[in-house]
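Trainee: got a predicted structure here, sequence first:
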Amino acid sequence: MSNERDLMRVVIVGHVDHGKSTMVGRLFHDTGSLPEGKLEQIKAMCERRGMPFEWAFLMDAFQSERDQGITIDTAQIWFKTPKRDYTIIDAPGHREFIKNMITGASSAEAAIMLIDASQGVQQQSRTHAFLLNLLGIRQIIVIVNKMDLIDYSERTFEAIKAEYVRYLDEIGIVPNFVIPAVARDGDNLVHRSERMSWFQDGTLISALDSFQSQGDLKALPLRFPIQDVYKFDDRRILSGRIVSGRIKVGDRLMFSPSNKVARVKTIEAWNAAPPDEAGPGQSIGITTDEQLFIERGEIASHEEDAPIETNVFHGRLFWLSRKPMTEGETYRLRMQTRDVQVTVERIEAIYDPDALAQRPAERVERNEIADVVLRSYALLALDDAEKNQRTGRFVLSDGANIVAGGTISMRDYPDQRKLVTIRSTNITAVAHRITNTQRVSRNGHKGGVLWFTGLSGAGKSTIAMAVEQELFRRGFQTYVLDGDNVRRGLNSNLSFSPEDRAENIRRVGEVAALFADSGQIVVTAFISPYRSDRRRARAAAKDGFHEIYIKASLETCEKRDPKGLYRRARSGEIAEFTGVTAPYETPESPELTIDTDKLTIEESVAAVLEYVDKTFRKHS
Amino acid sequence: MNHLDRLEAQSVYILREAFNRIDKLAMLWSLGKDSNVMVWLAKKAFFGHVPFPVMHIDTEKKFPEMYAFRDRYAKEWKLNLIADKCPPVEEVDPTLPPAARSAARKTLGLRMAIERYAFNGIIAGIRRDEEAVRSKERVFSPRGESGQWDFRDQPPEFWDYFNTDLPPGTHLRVHPLLHWTEMDIWRYIARENIPMVDLYFAKNGKRYRSLGDQDITFPIDSTANTIEEIIIELEQTRAPERAGRAMDRETEDAFERLRAAGYM
């Protein structure tokens, strides 16, 4: 039956004069999608006016009908193949291009990129490709048009193809097809070209028909964002639309970021039999075996394939607001149904898609593409865009309006899921028989953590050891937890991956809290580059936590390079080295800052001692 | 999923967004084919319930068949029906041409109902393919205090992230059928077996393709008296759907003026 036919939305991009309208007109004709009499009508009009027939006139005719509200859809026109229907979305070039292209093309499932064989790859073609990639359109056909102008030369075609494919590769696109064509004559659109018999890889239509209308979403891990929870009757229904993967009755689901688990009891439906399973794009509702407190914004997945949990990520975004984006500004982040505040921690660069170049900037202006770091206070559940383009993207709102859209990269940032998952349950804290007051009374000072953080080479260990020595001399109970030392024992099972680095700091934070509780002043000397890790350490030691920022410029640290690590990082021998290839997040409001660019070791030690004296004495 | 499944899933998603994001929400029910599909989709979205009032802005000039349909299905579908009557035509902008002025009565009635019940979200069953001005609409579309719409400067809407926040002094129009065509509507009615007012089906060589007030809506020549025949007729016709609606075509900008002032 005709209403069972599938529909795919295709966006066409390319220079206006590279033959877009001609190709669409010809495509309509050759697929038999033109209304009866249309072609004759336009041919007659051309004769009347004494001008040669052009396929592009068909587009003009559609346009004027659209203006009168007669044709089916305004921004979109349709053609059919035996396999399915296609909607063509015209992406207008020129000014306001980005806003128009994303509003129009963001829903496309495939793209046709048109290049003029006689002109080769031009700037706009590159910008188009870059935006398609950012929009997440991964099914791409490149048409090298006007092959007649280069005498159907296989060699010239291969050269253009090689150049463009190389560019696309650099921005992460692999075109599915590159097809030589003469749109005006229909070569390789619907019918294979006799004149280019050397080309054996099919036609534009065979390429389009080979695409999947849901992309590869079915094969990806389940992502089911909760849109709402309904209690209209005795059912408690978690509703939402499946983004990717499949969900079946009986599946064990993990909800992120709350990390709760439950089993699917039913998939609900009205006026239809309740289905046993559901897939991408379906708006469904489920009930679960356990009544969990789940809210809008959680993402359900299978346990073994859960999304990443983090509160910081890299975003590559296009900016749409007239008011520029600036560092430190707060916006509303929306990811699927989640909605939280984020702060722009850093604008890393403005991206120029044509030159494939980046430049630093203080602000992002309207229609610019930028790489930024965004941070939220709340934990987020998300995916790297490389893994899942739907849950790997986001929009930002300012006031009532959407001001940006972008994709997520998690390079350098750890998955925080393990760190926030409590595996030990049924444990009750046992009370000590010695009170904190008794310990303070005997020691003459309070316990606590002096948490040193800073770049490698800033002076953390040196100052820590000197502080320990002097405190000991003055009668304080004290001990230094040093990075290298801890890694020889307690943390010898941890690597230097972002996840293990985070676990390393988590353990040190907990151990330091125990030392502090026992009444000692413990000094830790770890780079601890991530704010989220330091915040957890602070939470462990509570009031006894004192963040001390051992500050030095990267240049200074690199010059000192006591362990030769910077040299090895620069040569690529060490991957992911803080300050060089991995981020260091400076403390937002440390209790104390020691600037070792300005102070000598002695002065630095004295400043810490003065702070301890003031803060830890029995009566202070 | 086929085409109709995808349209349905998208509309359900939009209705659920509206219900979650907007606290005082109502759905317009004109008793026509589109708004019946919309009520049906709401029952799908909310598993048999329609969790907001369904509002018929009554011009008191509908066909008797439509009033009968309303009273029957309001009960059968368990709708929370609001059916307030419009103010007299004398209260409407006298510079509008007569049919448009009559239609604008409905706008005024709607505006008064919005005020009376303090609604800040109105779900309306318009479609992009109906009319050139409607084609420029967004799914979530903010309206000023008196309901006006500025289509030249609209916020971007993409990846199904809608602008669901309300600037102060505005309300939102929500359009869950925006992406449907007239053909889609009839194919969905056929698939789901959704009840329709009889006036859509041909009697004595005439049928209504679009239903409005009795005095400004005219039937077309047709012999189609089943849904299947209507679909076949639509596949062949080149006449616009709203050809039988007088107010659209009185002057070139009549519909645009109606819309800008808050018409559906």
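Mentor: Yep, that arrived. Numbering: from 1, shown residues only, chains lettered A, B, ... in the order given.
Trainee: got any ranges where the stretch 51-200 of chain B has weak pLDDT?
Mentor: Along the stretch 51-200 of chain B, the model assigns pLDDT under 70 to residues B:131-136, B:145-154.
Trainee: ok, 50 please
Mentor: Across the stretch 51-200 of chain B, no stretch falls below the confidence threshold (pLDDT under 50).
Trainee: can you pull out the strands in it?
Mentor: Chain-ordered strands for the stretch 51-200 of chain B, with DSSP state E, counting those that start in this stretch as the definition, fall at B:54-55, B:81-82, B:121-123, B:140-143, B:171-174.
Trainee: the residue lying closest to A:L58 once chain neighbours are set aside: neighbour count?
Mentor: Taking Cβ to Cβ, 6 or more residues apart in numbering or on different chains, and ignoring the residues beside it in sequence, A:L58 has A:G25 as its nearest neighbour in space, at 3.7 Å. Placement of C-beta: from N, CA and C, glycine included. The number of residues packed near A:G25 is 25, by other Cβ atoms under 10 Å in any protein chain shown.
Trainee: ok, A:G25 touching A:L39?
Mentor: No: under the criterion of Cβ atoms under 8 Å, A:G25 lies out of contact with A:L39, with a separation of 9.3 Å.
Trainee: what do those two both touch?
Mentor: A:L58 (Cβ atoms under 8 Å, 6 or more residues apart in numbering or on different chains).
Trainee: where does pLDDT dip in the stretch 501-620 of chain A?
Mentor: Within the stretch 501-620 of chain A, no stretch falls below the threshold (pLDDT under 50).
Trainee: residue of it closest to chain B, please.
Mentor: Among residues of the stretch 501-620 of chain A, the one nearest chain B by Cβ to the nearest Cβ turns out to be A:S532. It sits 26.2 Å away.
Trainee: other residues contacting the host helix or strand of that residue?
Mentor: With elements delineated by DSSP states H and E, A:S532 resides in helix A:531-541, which encompasses its position. The contact list for helix A:531-541 (Cβ under 8 Å, 6+ apart) reads A:310-312, A:375, A:416, A:419, A:448-449, A:451, A:453, A:502, A:505-506, A:508-510, A:512-513, A:516, A:528, A:545, A:547, A:585, A:587-588.
Trainee: related to what we said a few turns ago, want to throw the strands of the stretch 51-200 of chain B into TSV with mean neighbour count and distance to A:G572?
Mentor: TSV is the format used below for the strands of the stretch 51-200 of chain B (neighbours: other Cβ atoms under 10 Å in any protein chain shown; distance: least, Cβ to Cβ, whole Å):
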stretch	mean neighbour count	distance to A:G572
strand B:54-55	24	66
strand B:81-82	18	70
strand B:121-123	25	56
strand B:140-143	22	50
strand B:171-174	24	54
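Trainee: could you export the ones you listed as TSV, including distance to chain A?
Mentor: Below are those laid out as TSV (distance: least, Cβ to the nearest Cβ, whole Å):
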stretch	distance to chain A
strand B:54-55	16
strand B:81-82	18
strand B:121-123	13
strand B:140-143	7
strand B:171-174	10
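Trainee: list the contacts for the residue nearest the centre of chain A?
Mentor: Among the residues of chain A, the smallest C-alpha distance to the mean C-alpha position (Cα atoms, centre = their mean) belongs to A:I408, namely 0.8 Å. Contact criterion Cβ under 8 Å, 6+ apart gives A:F313, A:H314, A:G315, A:L382, A:D383, A:D384, A:A385, A:G392, A:R393, A:F394 as the residues in contact with A:I408.
Trainee: the closest residue to it other than its chain neighbours: neighbouring residues, count only.
Mentor: Nearest residue to A:I408 in three dimensions, chain neighbours excluded: A:G392, at 4.7 Å (Cβ to Cβ, 6+ apart). The criterion is other Cβ under 10 Å. On that basis, A:G392 has 23 neighbouring residues.
Trainee: A:G392 reaches A:L380, doesn't it?
Mentor: No: taking Cβ under 8 Å as the contact criterion, A:G392 and A:L380 are not neighbours in contact, 11.8 Å apart.
Trainee: residues contacting the helix or strand just after the helix holding A:S532, please?
Mentor: Using DSSP H and E, the helix or strand that follows helix A:531-541 in sequence is strand A:545-551. Contacts of strand A:545-551 with the rest of the structure, by Cβ under 8 Å, 6+ apart, involve A:448-454, A:458-460, A:463, A:534, A:537-538, A:586-587, A:590-597, A:604, A:608, A:611, A:615.
Trainee: strand A:545-551: partners in the sheet, and parallel or antiparallel?
Mentor: Strand pairing for strand A:545-551, determined by DSSP bridges: strand A:448-453 (parallel), strand A:592-595 (parallel).
Trainee: so the longest one versus helix A:531-541, what angle?
Mentor: Which is strand A:448-453. Here strand A:448-453 runs at an angle of 170 degrees relative to helix A:531-541 (axes from the mean of the first three to the mean of the last three Cα atoms, to 10 degrees).
Trainee: can you give me the buried ones in strand A:448-453?
Mentor: Neighbour counts over strand A:448-453 (16 or more other Cβ atoms under 10 Å in any protein chain shown) mark A:G448, A:V449, A:L450, A:W451, A:F452, A:T453 as buried.
Trainee: what about that strand, average pLDDT?
Mentor: On average, the pLDDT along strand A:448-453 is 96.
Trainee: same check, this time on stretch A:227-238
Mentor: If you average the pLDDT over stretch A:227-238, you get 93.
Trainee: can you tell me what sits against that stretch?
Mentor: Counting by Cβ under 8 Å, 6+ apart, stretch A:227-238 makes contact with A:226, A:239-241, A:268, A:285-288, A:291, A:294-296, A:300, A:337, B:13, B:16-17, B:19-20, B:46-49, B:51, all of which sit outside it.
Trainee: before we move on, back to that, could you check how far the residue nearest to A:I408 is from chain B?
Mentor: The gap separating A:G392 from chain B is 12 Å, by Cβ to the nearest Cβ, to the nearest Å.
Trainee: OK, contacts around that residue?
Mentor: When contacts are counted by Cβ under 8 Å, 6+ apart, A:G392 is found next to A:L382, A:D383, A:D384, A:A385, A:E386, A:T407, A:I408.
Trainee: which members of those are the farthest-apart pair?
Mentor: The span of the contacts of A:G392, defined through Cβ to Cβ, is set by A:L382 and A:E386 at 12.1 Å.
Trainee: of the two, which one has the most company?
Mentor: The residue with more neighbours, out of A:L382 and A:E386, is A:L382; 26 against 13, by other Cβ under 10 Å.
Trainee: surely that one is in contact with A:P307?
Mentor: Yes: distance between A:L382 and A:P307: 5.8 Å, which falls inside the contact criterion (Cβ under 8 Å).
Trainee: tell me, what's touching the two both at once?
Mentor: When contacts are counted by Cβ under 8 Å, 6+ apart, the set common to A:L382 and A:P307 consists of A:T391.
Trainee: so which of the contacts of A:G392 belong to helices?
Mentor: When helices are assigned by DSSP state H, not one member of these lies inside them.
Trainee: and of the residues you listed, the nearest to chain B?
Mentor: Ranked by distance to chain B (Cβ to the nearest Cβ), the contacts of A:G392 are led by A:T407 at 10.8 Å.
Trainee: contact partners for the closest one?
Mentor: A:L134, A:G136, A:G315, A:R316, A:L317, A:A385, A:Q389, A:G392, A:R393, A:F394.
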